[in-house]
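# Dropping the sequence and predicted coords here.
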Amino acid sequence: MKDNLVLIYTTISNNEDAYHIVNILLQEKLVICANIFHSITSMYYWENTIQNNKECVIIMKTSKYLYKKALQKIKNIHPYKIPLITTIHPDKTNNEFLHWMNSYFTQQHYSNKK
């Protein structure tokens, strides 16, 4: 089975914002699944100082046909001034997951055309 999976990775400052982003993307059927990792320590430069903050990491699963729309939606609703929103394009995903994802997105595509 062809690997159509795309993972989208971003970070966000708190659980509430993480759930908000994921809920919107799920409701708009732009992702099929998301994992939210709480209380990750992020260290980075901001305004010439080293920052150390707690964040959430969100990894979302979508198809190669929808990921650009999902990226744009995340960019539009993300509260950070300069968010990291990136993709990972796997080349080896188990067939059962791909079948489930492809079936879901195919069903959503056809049901939206009615």
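Now that the structure is in, tell me what you want to look at.

# Quick one, grab the pLDDT at M101.
As predicted, M101 sits at a pLDDT of 93.

# burial count for it?
Around M101 sit 19 other residues, with neighbours defined as other C-beta atoms under 10 Å. The way it works is simple: take the backbone N, C-alpha and C, and place the C-beta from them, glycine included.

# so it touches N4, yeah?
Yes. Using C-beta atoms under 8 Å, M101 is in contact with N4, at 7.3 Å.

# can you list residues touching both of these two?
The contact sets of M101 and N4 overlap at S63 (C-beta atoms under 8 Å, 6 or more residues apart in numbering).

# Next, count neighbours for W46.
With other C-beta under 10 Å as criterion, W46 counts 10.

# pLDDT score for it?
Value for W46, per-residue pLDDT: 89.

# how about it, phi and psi?
Main-chain torsions, W46, degrees, to the nearest 10: phi -150, psi 120.

# Which helix or strand contains the nearest residue to S39 once chain neighbours are set aside?
Excluding the flanking residues, the one nearest S39 by C-beta to C-beta, 6 or more residues apart in numbering is K54, at 5.2 Å. Assigned by DSSP states H and E, K54 belongs to strand 49-63.

# Next: D17.
helix 15-27.

# just W100 next, same as before
For W100, the host element (DSSP H and E) is helix 95-113.

# As CSV, could you dump the C-alpha coordinates of that helix?
In CSV, the C-alpha atoms belonging to helix 95-113 read as follows (Å, rounded to 0.1, in the frame of the first residue of the first chain):
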residue,chain,number,x,y,z
ASN,A,95,-0.6,-1.2,6.1
GLU,A,96,-3.4,-1.5,8.7
PHE,A,97,-3.0,2.1,9.8
LEU,A,98,-2.7,3.3,6.2
HIS,A,99,-5.9,1.4,5.2
TRP,A,100,-7.8,2.9,8.1
MET,A,101,-6.6,6.4,7.3
ASN,A,102,-7.2,6.1,3.6
SER,A,103,-10.7,4.7,4.1
TYR,A,104,-11.6,7.5,6.4
PHE,A,105,-10.4,10.3,4.2
THR,A,106,-12.0,8.6,1.1
GLN,A,107,-15.3,8.3,2.9
GLN,A,108,-15.1,12.0,4.0
HIS,A,109,-14.3,13.1,0.5
TYR,A,110,-17.3,11.4,-1.0
SER,A,111,-19.7,12.3,1.7
ASN,A,112,-18.7,16.0,1.3
LYS,A,113,-19.6,15.9,-2.4
